[in-house]
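Chemist: Predicted model, plus sequence, below.
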Amino acid sequence: MTKETNSLTGERIDGFVSLETGEIDRSIFFDSAVFEHEMETIFGRAWLFLCHATQIPERGDFFESVMGRDNVLVVRQKDGSIKALLNTCAHRGNAVCRAEEGNARSFLCSYHGWSYGIDGRLKGVPGHKNFYKGDLDKSKHGLREVAQVADYKGFIFATHDPTAPSLDDFLGATGRLSLDLLAMKGDMEIVPGIQKFTIDCNWKIAVDNLFDWYHPQVTHASAFAPSVLGSMLGGGGQNGAEEIDMTDLQMQDGADLDIPLGLISGTNFEQSVVLGEYGHAIGGPTATSSGNADMISGPWRDTPEAKEALGPAGAGVAGHPNLFPTLWVVQEMSQLSLRIPRTPDSTEIWWFTFADRNLDPGMRQFSVNLVSHIFGPAGLLEQDDGENWSQATHQSCGFASRNIPHLLNMGLGHGEIIDEGGLKRIEGFTSEHAQLYTYHAWAQWMKDLDWDELKEATTPGDTI
Amino acid sequence: MTAETEARVGEDRLAAMFRQYEVEKFLYDEAALLDAHCYEEWLDLFSNDCHYFVPIRRTRMAKERDLEFTKPGEMAFIDDQKMMLAARVARLRTGRAWAEDPPSRTRHLITNIRVTGDDGDELDVESNFHLYRARLKSEEDSWIGSRCDRLRRVGESFHIVKRNVYLEHTVLLSRNLSNFF
């Protein structure tokens, strides 16, 4: 759908999200015109995460990623650089690579046999001399490169927009801090195996949930039952089967919501929210309230390199970042969770897991097990998320139901924004500031502003 | 029975048939426990040193087919020892495991059961499965794949020492994996 034919005027878009009331128009979660517009104004312009450099270390290594509806081959070149190529033959559009990842010397189209180098140059065209009479200029029909590709500390991003600001500018202080919270834990490399699964929900509901420290106490109550939590956190190491006490399991049945709120929900420990330009945000506990360490990497924030990268203000942040639009940096588990919109009510979730190359093998194994026990489709926490998101999407569509706004007004009006070291931060307890600001930024993107206007419109003010 | 077939059905064959019967009965009974939500009884079928592993599959070119599945030590969908399997069962009994409350209706169809190794104490058993899940009013999921089990002889029955579950999906089409294979 082109901008001329869809009905999404700036006025209508302004009505989708209210910073004054915290109300969100439900139609943004199911309207196909909204989805089509997102594909252009957000996924056609933003820097999108493709993969990590350690996924494709050798010449010819490739990983197929997604930018909106474009499948993109991220390929390691002979000179060590990285190219992002649209996975579509210049002749008739067929995919030139059907594998999700691997190593290739060339990409051969299975339709008519056009073959491309790993740099995307068109090398071979069957019948070039006899059928095309030599008229086809091969230099003009290579695989199309994505407009801009760049990396930040090994995290590779690309944008379809040749006029987009540099990745560094796009990330800004909030985005760089978000990635540093993972990158500075050590010499981080990918753990082979990207978990991919599909949730029948709108992508924005999956995204805003990552800031939501109000839901764990209820959504994830089963995982925080004492009989479950201990096994989940300890069960990845040495076999502890002797400790299983089945009588304890029975006692949990029907218990009240007597869960350790301080541990998980943040209703009685300090949190901070960071709001950045272009819609990046971080929400969740402060480093102090989460103990200034994680289970795997220890007190990594105290190294001189980490101190310098995070800065004094950033060192206190230990929440969940989202790089707008769809990259959750799950810094405490050394993971990235990418939410890929497929249709208005279908979203793929891709989990990328990292480990410090210097971890001893036992600890590495523990960390790999631990993350699969918590997140991913079989994770004891994430199992229970999907149905909430699905129902929140589908129950919003009804003729009468659609008129009830989604509410993100928790703490509204109480968020005083402190500007320190380039980071705009709100201190306090659980709130919905980060979610609401993300939707506000989303609406600014949808208005298709130019880059300067967009940056200004997504720069937080003094309060929220 | 003719004299000819009687001669062919030697003791070895009878023993193999009996073993096949024992293994099939064990796997069918196991599946019935899962479909009846008898998770504690199901958990008892696993040895204390068990490993339950559901690797991630990747679409790869034929020349890289040996790299399709992730290996132990790499990421997996499920990588559990007994304690974690017990945690999954305990979770289902908390009364707050929303992904399974209301409970899914599942049916495990177990087929193509083959004993591929037997050292007297432990057996290698391969089987195919179709796990069908119906959920809430109109939701359906299906997982088809194969399992490679190592079964340990314990009295008249077996313990599952190792279960590797190989799904045919690369991108899972379901919103979670809240049931056991």
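Modeler: Here it is on my side, so go on.
Chemist: in what helix or strand does residue B:125 lie?
Modeler: Assigned by DSSP states H and E, residue B:125 belongs to strand B:122-135.
Chemist: can you check residue A:441 too?
Modeler: helix A:433-446.
Chemist: Give me the contact list for the helix or strand that comes right after that helix.
Modeler: Using DSSP H and E, the helix or strand that directly follows helix A:433-446 along the chain is helix A:451-457. Residues outside helix A:451-457 that contact it (CB atoms under 8 Å, 6 or more residues apart in numbering or on different chains) are A:163, A:164, A:165, A:277, A:278, A:444, A:445, A:447, A:449. In short, each C-beta sits where N, CA and C put it, glycine included.
Chemist: Where do the helices of the stretch 51-200 of chain A begin and end?
Modeler: In the stretch 51-200 of chain A, the helices defined using DSSP state H, counting those that start in this stretch lie at A:167-183.
Chemist: Could you do chain B as well?
Modeler: Counting by DSSP state H, the segments of chain B that form helices are B:3-8, B:11-35, B:39-43, B:82-92.
Chemist: nearest to residue A:100, of the ones you listed?
Modeler: Among the helices of chain B, the nearest to residue A:100 by CB to CB is helix B:82-92 (27.6 Å).
Chemist: What residues of the closest one count as buried?
Modeler: Neighbour counts using 16 or more other CB atoms under 10 Å in any protein chain shown place B:82, B:83, B:84, B:85, B:86, B:87, B:88, B:89, B:90, B:91, B:92 of helix B:82-92 among the buried residues.
Chemist: Then stretch A:58-76?
Modeler: In terms of neighbour count (16+ other CB under 10 Å), stretch A:58-76 has its buried residues at A:60-68, A:70-76.
Chemist: what do you get for stretch B:104-115?
Modeler: Neighbour counts over stretch B:104-115 (16+ other CB under 10 Å) mark B:104, B:106, B:108, B:110, B:113, B:115 as buried.
Chemist: ditto for stretch B:127-139
Modeler: The neighbour-count check on stretch B:127-139 (16+ other CB under 10 Å) flags B:127, B:129, B:131, B:132, B:133, B:135 as buried.
Chemist: cool, stretch A:294-308 as well?
Modeler: For stretch A:294-308, burial by neighbour count (16+ other CB under 10 Å) applies to A:294, A:296, A:297, A:300, A:301, A:306.
Chemist: I'd like to know which of those residues is nearest to chain B.
Modeler: Comparing these against chain B with CB to the nearest CB picks out residue A:296 as the nearest, at 14.5 Å.
Chemist: Find the nearest non-adjacent residue to the closest one, please.
Modeler: Sequence neighbours aside, residue A:367 is the residue nearest to residue A:296 in space, at 4.4 Å (criterion: CB to CB, 6 or more residues apart in numbering or on different chains).
Chemist: surely residue B:68 meets residue B:58?
Modeler: Yes: if you go by CB atoms under 8 Å, residue B:68 and residue B:58 touch, sitting 5.9 Å apart.
Chemist: Same drill for those two, tell me which one is more crowded.
Modeler: More crowded of residue B:68 and residue B:58, by other CB atoms under 10 Å in any protein chain shown: residue B:58, with 21 against 14.
Chemist: Contacts only, for the more buried one.
Modeler: Residue B:58 is in contact with A:99, A:100, A:101, A:193, A:194, B:67, B:68, B:69, B:70, B:170, counting by CB under 8 Å, 6+ apart.
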